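1. coords below, sequence missing:
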């Protein structure tokens, strides 16, 4: 039985991924800051355990690291969790750089059997525009582009330690348990389909089941290395996503309302840039590597997410 060590394992993606790995017969160790919480959670399932790490103190449970065959690195402060004040922008960057440094240094300085590291990144790497973005493009010169570039570069040294490295640039994750879709669903509880800005901005999305399967695919297929876009084959514009979701949730009983750009800017500050960004991203590279998406269209994805 092989063991997967996960950073960020208690988040939306990490939780779903942990359950999938356990179902597939892997042992899972989740790195967490809370020692007391870890001990309580470890009794939930025999093949699931928690281990301590502290990014700021650059501390990690070495025994957990040495038990791992694979590392999945998801940790990092949420880009949309808070307004982009200077202090939080610094935290977004430092949480990624410091966690990567801890992983790299720990692998370098301790004997281990880790075969591969699968690291999250994001499609914030790409600029806005009408072109379909592929993995070869340089990072955008925006805050998110620079953050993703640092995120990916900070994990690159593991390749010098003879570890296979896969970096997944993740799109908007669709899940019934939270994340971006929750923000689209909230107004619909009152019958309002909130179309953001002009609604024409392209959203490159992925169903959480496909994303979790993609992480497992990256573990199990040794030919995978380097960067892959983790997005579904068919991007969709904001208006289409919102109205499709409205029809799935409310049938004909909803009112489409455009939320003006300036309102979003007032509410979200710098984060509105990400909300209003239009970015069509290609998944051809990962498809050519043999990965098959279960949810290829927004209709099938949302049908699954909102079903009772």
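-> Done, it's in. Just so we're clear, the structure is a prediction, and the values are computed from it rather than from any experiment. Numbers count the residues shown, from 1 in each chain.
2. Helices of the protein, residue ranges please.
-> For the chain, the helices defined by DSSP state H occupy 12-23, 35-41, 62-67, 86-109, 143-155, 180-188, 208-220, 238-250, 261-268, 272-276, 284-288, 298-306.
3. quick one: contacts of the third one?
-> So the one you mean is helix 62-67. Outside helix 62-67, the residues that touch it by C-beta atoms under 8 Å, 6 or more residues apart in numbering are 3, 5, 27, 29, 31, 49, 51, 106-107, 110-114. Heads up, the C-betas are built off the backbone N, CA and C, glycines and all.
4. which one of the residues you listed sits closest to residue 228?
-> When those are ranked by distance to residue 228 (C-beta to C-beta), residue 114 comes first, at 19.8 Å.
5. returning to that earlier point: would you turn the helices of the chain into JSON lines with mean pLDDT, mean neighbour count and distance to residue 135?
-> Below are the helices of the chain laid out as JSON lines (pLDDT from 0 to 100; neighbours: other C-beta atoms under 10 Å; distance: least, C-beta to C-beta, whole Å):
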{"stretch": "helix 12-23", "mean pLDDT": "94", "mean neighbour count": "19", "distance to residue 135": "20"}
{"stretch": "helix 35-41", "mean pLDDT": "48", "mean neighbour count": "12", "distance to residue 135": "36"}
{"stretch": "helix 62-67", "mean pLDDT": "97", "mean neighbour count": "16", "distance to residue 135": "29"}
{"stretch": "helix 86-109", "mean pLDDT": "86", "mean neighbour count": "17", "distance to residue 135": "19"}
{"stretch": "helix 143-155", "mean pLDDT": "92", "mean neighbour count": "20", "distance to residue 135": "11"}
{"stretch": "helix 180-188", "mean pLDDT": "80", "mean neighbour count": "17", "distance to residue 135": "22"}
{"stretch": "helix 208-220", "mean pLDDT": "98", "mean neighbour count": "21", "distance to residue 135": "14"}
{"stretch": "helix 238-250", "mean pLDDT": "91", "mean neighbour count": "20", "distance to residue 135": "24"}
{"stretch": "helix 261-268", "mean pLDDT": "53", "mean neighbour count": "14", "distance to residue 135": "29"}
{"stretch": "helix 272-276", "mean pLDDT": "52", "mean neighbour count": "19", "distance to residue 135": "20"}
{"stretch": "helix 284-288", "mean pLDDT": "98", "mean neighbour count": "15", "distance to residue 135": "6"}
{"stretch": "helix 298-306", "mean pLDDT": "94", "mean neighbour count": "19", "distance to residue 135": "23"}
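6. hang on, the earlier thing: quick one: which of the contacts of helix 62-67 sit in strands?
-> Mapping the contacts of helix 62-67 onto strands (DSSP state E) picks out 3, 5, 27, 29, 31, 49, 51.
7. can you list the helices of the chain in CSV and add distance to residue 197?
-> Below are those laid out as CSV (distance: least, C-beta to C-beta, whole Å):
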stretch, distance to residue 197
helix 12-23, 25
helix 35-41, 40
helix 62-67, 45
helix 86-109, 23
helix 143-155, 17
helix 180-188, 14
helix 208-220, 25
helix 238-250, 7
helix 261-268, 5
helix 272-276, 5
helix 284-288, 28
helix 298-306, 18
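8. Of all these, which one comes closest to residue 136?
-> With C-beta to C-beta as the yardstick, what comes closest out of these is helix 284-288 (9.2 Å).
9. buried set for stretch 185-198?
-> Neighbour-count burial for stretch 185-198 flags 185, 187, 188, 192, 193, 194, 195, 196, 197 (criterion: 16 or more other C-beta atoms under 10 Å).
10. could I get those as a markdown table with distance to residue 300?
-> Shown next, in a markdown table, are these (distance: C-beta to C-beta, whole Å):
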| residue | distance to residue 300 |
| --- | --- |
| 185 | 17 |
| 187 | 23 |
| 188 | 19 |
| 192 | 24 |
| 193 | 20 |
| 194 | 23 |
| 195 | 22 |
| 196 | 23 |
| 197 | 26 |
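11. before we move on, back to that, which members of the contacts of helix 62-67 are classed as buried?
-> Buried subset of the contacts of helix 62-67 (neighbour count, 16+ other C-beta under 10 Å): 3, 5, 27, 29, 31, 49, 51, 106, 107, 112, 114.
12. So of those residues, which two are at opposite extremes in space?
-> Largest separation among the buried ones among the contacts of helix 62-67 by C-beta to C-beta: 49 and 107, giving 19.7 Å.
13. and which of the ones in strands among the contacts of helix 62-67 is nearest residue 168?
-> Comparing those against residue 168 with C-beta to C-beta places residue 5 closest, at 16.7 Å.
14. What residues does that closest one make contact with?
-> So residue 5 contacts 29, 31, 51, 64, 65, 67, 68, 70, 71, 72, 114 (C-beta under 8 Å, 6+ apart).
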